[in-house]
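*Asks:* sequence first, predicted model second:
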Amino acid sequence: MKSLLIAVKDAKIHLTDRKAILMMILMPILLTVILGSALKGVMGGGNMPETIVGVYSPESNVMTDSLLQTMGEEGLAITVKRAESGKQLTDWVEDREVHVGVHFPDGWHPDTDRAVITPISGQETAATVIQQMIETFAQTSLAITTSTTAIMTEASVLSANGGSIDMDAIQHELASSIETVMNEQRSYISESPEEETVSSMQYYAAAMAAMFLLFNAMAGGKSFQQERRSETLSRLMMTPTSVRSILVGKFIGAFLFAWIQFLIFIGATHFLLKVDWGPSIMQILFITFFYIFSVAGLAMVVAAFTTNEKMADIVGSMGVQLLALLGGSMLPLALFPEIMRKIAMATPNSWALTSYTSIMTGAPWSTLWLPAGVLLGIGVASIFISSLRLRRRMT
Amino acid sequence: MLTVTDVKKSFQSNEVIKGVTLTVKKGESFGLLGPNGAGKSTLISMICGLIPYEGGEILINGKLVGKHHKETKQMIGVVPQDIALYPTMSALDNLLFWGKMYGLSGKAAKTRAKEVLELVGLTGRAKERIETFSGGMKRRINIGAALMHEPQLLIMDEPTVGIDPQSRNHILETVKSLNEQGMTVIYTSHYMEEVEYLCRRIAIMDEGKLIASGTKKDLANRLAGGTVLKIAVDTVRPQFIEQLKAMDGVEKVIVLPENEIDVHMESKMETVSDVILLASRSSVAIHNMQLQEANLETLFLQLTGRSLRE
């Protein structure tokens, strides 16, 4: 009960602080608008940097060899990496060792089979380019095949009849066939059903939510140090309230404010910026619960391992910015090299961000267990370590 | 009400409380005097259960501090030296919060907050933020927060530091009135006139020890010389000092910096004229002369050779 009193008091203090409102609520909305709009081109198309295409073709034929050779030509900045098996290609895609995966069926022919493209979140540009290349290649090859067939048929009929070859008729037939093929709106590839893509606005809405919720770790730690400086913490400890209740109250306070911040943010981005947070709001709330839990835990760590307000401010800001950078809140994770993507897995915001973007593209509940577990683990570990230290300092 | 027996406290190797013993009776107003760093705030923190003590025991109404946390803390209301309030919250919200932290229900807290606001004279400013208040008004709410749960023992740690005379008088009158209504008060300050005005019994602390305690009369009796003649001379001659010390009616002579001399004496007028005569005979020119009645400041000076406000 007393913990709740402390928590409500903390949330009330935050909500009456204009600077905090500006920083924690308006700022992320503004940044979502700016970054989402500015990086629209980068996320949706534009120049492709070095692209690694993972390819699996069980049985090579002239078509696939020719296509892969075209892709690997100089000047295209594409590296073709051939997988030994379908599983190896799937592993590469899952481990993000390639930017896009292409699975060709046995004896692939564009007229009868479809190649399966698996885009990776954040590498939508590469997937689009590869898709266009395959389509162009398929159209060209079909046109050539069709025209060759037409010539051969015409020639063989004439030859069998012992007549002369009408080159005008062949030319007309050839031009007509090629025109038909080239104008035909056909798809020669299909996208992997489990991987949809998010728009830049969606990505940055998720990224800013993850980043600015993280600022609660700094704000929570700072609030604790403010109470120490102003002696209200001592006064709280002179009341018949246990140290545990005070610590739980501070934790719930950070938790409560983060929820208020998130709900305002998601409402504003959804209704004002028309950001689609995906088909399941329950999934968003579920992962947010665990993320905020871990952030409130980190707030206690900042409180425990700093000695004054200024230090909490500096350590908190630096920590948040570092985590935001490493966790993909500033630049999309997909642009990071492999090693950096592995480091990002140590940051709670990257788990939250990846979960949000997955939910936006319709990920099933089963994909959320791991991030929820990791975030819960970070929160529990933070609370355990910080409470040991804080209890020692406060008693 | 409060019994402190041979209590000690060290921070690392520095012993800051060196075996303090004192008793405060129910309904009493007890003053704790001492210069900065004497150990008053540390002693109070130990009584409030904020920091643990080493050796000895502290009992509040027979309950051991440190063992019966909730019971002892519920009996005490503490007015800290700093303004321990939330500046962005209103005076009323602060009072309600602190009342609830002592277990008052919402309704009881509201009723009590109205009474407290009236007591500290800030009813009209209840809904204003603390950060908009003057120093004196903040101090009054700081006291009000400690009164919300109607404690049996009110401990005030330097509650009038840095405020205007009007707020200071209001606070002193409030404390006196609370004591007259039966509340036990421990008042610490280095303003001896406040302690003299409010408290019947007084203890003086210095360097972690109680160096004197008793009623004002008891302490006055301990003074070597009830009156002090303060003189400023052109030069301090050793022979003049020796002759002063040997004079009838002079109890003690203290030479202070800048050629000032405090002469502690029993009788007044005859001794004063004898001192003037002696100075004249010793060719010592007196620039200034002031007769001061003995007070706690004088006693502290006598006991430690230092001023209370050093």
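*Replies:* Ah, there it is.

*Asks:* from here on, contacts and neighbour counts on C-alpha atoms
*Replies:* OK.

*Asks:* okay, and the residue nearest to A:Glu227 when sequence neighbours are not counted sits in which element?
*Replies:* Nearest non-adjacent residue to A:Glu227, counting by C-alpha to C-alpha, 6 or more residues apart in numbering or on different chains: A:Leu233, 5.0 Å away. Secondary structure assignment for A:Leu233, by DSSP states H and E: helix A:232-238.

*Asks:* and for A:Tyr204, the neighbour number?
*Replies:* Neighbouring residues of A:Tyr204 were enumerated by other C-alpha atoms under 10 Å in any protein chain shown; the total is 31.

*Asks:* over to the one 5 residues further on?
*Replies:* Neighbour count of A:Ala209, defined by other C-alpha under 10 Å: 27.

*Asks:* likewise for A:Met152?
*Replies:* With other C-alpha under 10 Å as criterion, A:Met152 counts 13.

*Asks:* who does the strand or helix carrying B:Gln239 touch, helix- and strand-wise?
*Replies:* Per DSSP H and E, B:Gln239 falls inside helix B:238-246. Judged by 3 or more C-alpha pairs under 8 Å, 6 or more residues apart in numbering or on different chains; DSSP states H and E, helix B:238-246 is in contact with strand B:250-256, helix B:269-281.

*Asks:* can you rerun that using 6 Å?
*Replies:* Taking 3 or more C-alpha pairs under 6 Å, 6 or more residues apart in numbering or on different chains; DSSP states H and E as contact, there are no helices or strands that helix B:238-246 lies on.

*Asks:* what is the rounded mean pLDDT of it?
*Replies:* Throughout helix B:238-246, pLDDT has a mean value of 90.

*Asks:* any chance you could map the strands in chain B?
*Replies:* Ranges of strands within chain B are B:2-11, B:14-24, B:29-33, B:57-60, B:63-64, B:76-79, B:153-157, B:184-189, B:201-206, B:209-215, B:227-233, B:250-256, B:260-265, B:286-293, based on DSSP state E.

*Asks:* the nearest residue to A:Leu331 once chain neighbours are set aside and A:Leu353, how far apart?
*Replies:* Nearest residue to A:Leu331, sequence neighbours excluded (C-alpha to C-alpha, 6+ apart): A:Leu325, at 7.0 Å. As judged by C-alpha to C-alpha, to the nearest Å, A:Leu325 and A:Leu353 stand 12 Å apart.

*Asks:* neighbour count: these two, which is higher?
*Replies:* A:Leu353 (28 against 19).

*Asks:* next helix or strand past the host helix or strand of that one?
*Replies:* In this structure, A:Leu353 is located in helix A:348-360 according to DSSP H and E. Using DSSP H and E, the helix or strand that follows helix A:348-360 in sequence is helix A:369-394.

*Asks:* close to chain A: what parts of the stretch 1-150 of chain B are there?
*Replies:* Taking C-alpha under 6 Å from any C-alpha of the partner chain as the contact definition, the stretch 1-150 of chain B meets chain A at B:70, B:73-74, B:84.

*Asks:* 8 Å instead, please
*Replies:* B:48-52, B:69-71, B:73-74, B:78, B:80, B:82-86, B:88-89, B:97, B:100-102 (C-alpha under 8 Å from any C-alpha of the partner chain).

*Asks:* can you give me phi and psi for A:Arg96?
*Replies:* Main-chain torsions, A:Arg96, degrees, to the nearest 10: phi 60, psi 40.

*Asks:* over to B:Ser105?
*Replies:* Backbone torsions of B:Ser105, given as degrees, to the nearest 10, read phi -80, psi 170.

*Asks:* correct me if wrong: B:Gln230 contacts B:Met289.
*Replies:* Rather than Gln, residue B:230 is Lys. Yes. Assessed by C-alpha atoms under 8 Å, B:Lys230 is found in contact with B:Met289 at 5.7 Å.

*Asks:* shaky segments in the stretch 1-150 of chain A?
*Replies:* A:39-50, A:73-77 (pLDDT under 70).

*Asks:* coming back round to it: in a markdown table: the strands of chain B, plus distance to A:Gln261 and mean neighbour count.
*Replies:* A markdown table is the format used below for these (distance: least, C-alpha to C-alpha, whole Å; neighbours: other C-alpha atoms under 10 Å in any protein chain shown):
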| stretch | distance to A:Gln261 | mean neighbour count |
| --- | --- | --- |
| strand B:2-11 | 43 | 17 |
| strand B:14-24 | 47 | 17 |
| strand B:29-33 | 49 | 26 |
| strand B:57-60 | 45 | 21 |
| strand B:63-64 | 45 | 16 |
| strand B:76-79 | 35 | 26 |
| strand B:153-157 | 40 | 24 |
| strand B:184-189 | 45 | 25 |
| strand B:201-206 | 51 | 23 |
| strand B:209-215 | 53 | 17 |
| strand B:227-233 | 67 | 20 |
| strand B:250-256 | 64 | 17 |
| strand B:260-265 | 67 | 23 |
| strand B:286-293 | 65 | 13 |
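
*Asks:* which parts of the longest helix seen in chain B are buried?
*Replies:* Using DSSP state H, we find that the single longest helix of chain B is helix B:165-180. Using 16 or more other C-alpha atoms under 10 Å in any protein chain shown as the test for burial, helix B:165-180 gives B:167-168, B:170-172, B:174-176, B:178-179.

*Asks:* and A:Gly36, how far is that from A:Asn216?
*Replies:* From A:Gly36 to A:Asn216 the distance is 23 Å (C-alpha to C-alpha).

*Asks:* helices of the stretch 51-200 of chain A, start to end?
*Replies:* A:62-71, A:86-94, A:124-161, A:167-183, A:200-229 (DSSP state H, counting those that start in this stretch).

*Asks:* which strands and helices sit next to the shortest one?
*Replies:* Okay, so that is helix A:86-94. Counting by 3+ C-alpha pairs under 8 Å, 6+ apart, helix A:86-94 packs on strand A:51-56, strand A:100-103.

*Asks:* sheet partners, orientation included, of the last one?
*Replies:* Taking DSSP bridges as the criterion, strand A:100-103 pairs within the sheet with strand A:51-56 (parallel), strand A:115-119 (antiparallel).

*Asks:* could those go into TSV alongside mean neighbour count?
*Replies:* What follows is the strands paired with strand A:100-103, written out as TSV (neighbours: other C-alpha atoms under 10 Å in any protein chain shown):
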stretch	mean neighbour count
strand A:51-56	23
strand A:115-119	23
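
*Asks:* is it possible to export those strands to CSV including distance to B:Thr235?
*Replies:* What follows is the strands paired with strand A:100-103, written out as CSV (distance: least, C-alpha to C-alpha, whole Å):
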stretch, distance to B:Thr235
strand A:51-56, 95
strand A:115-119, 98
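
*Asks:* just the pLDDT at the closest residue to B:Val195 other than its chain neighbours, thanks.
*Replies:* Taking C-alpha to C-alpha, 6+ apart, and ignoring the residues beside it in sequence, B:Val195 has B:Gly31 as its nearest neighbour in space, at 5.5 Å. pLDDT recorded at B:Gly31 is 91.

*Asks:* and the gap between B:Gly31 and B:Val78?
*Replies:* B:Gly31 is 15 Å from B:Val78, by C-alpha to C-alpha.

*Asks:* now do stretch B:90-108: distance to the chain's middle.
*Replies:* 29 Å (C-alpha atoms, centre = their mean, to the nearest Å).

*Asks:* state the mean pLDDT of it.
*Replies:* 94.

*Asks:* which of the residues in that stretch are buried?
*Replies:* Quick answer for stretch B:90-108 (16+ other C-alpha under 10 Å): B:90-104.

*Asks:* OK, contacts around the closest residue to B:Ser10 other than its chain neighbours?
*Replies:* Spatial nearest neighbour of B:Ser10, excluding adjacent residues (C-alpha to C-alpha, 6+ apart): B:Val16 at 5.5 Å. Residues near B:Val16 by C-alpha atoms under 8 Å, 6 or more residues apart in numbering or on different chains: B:8-10, B:39, B:42, B:207-208.
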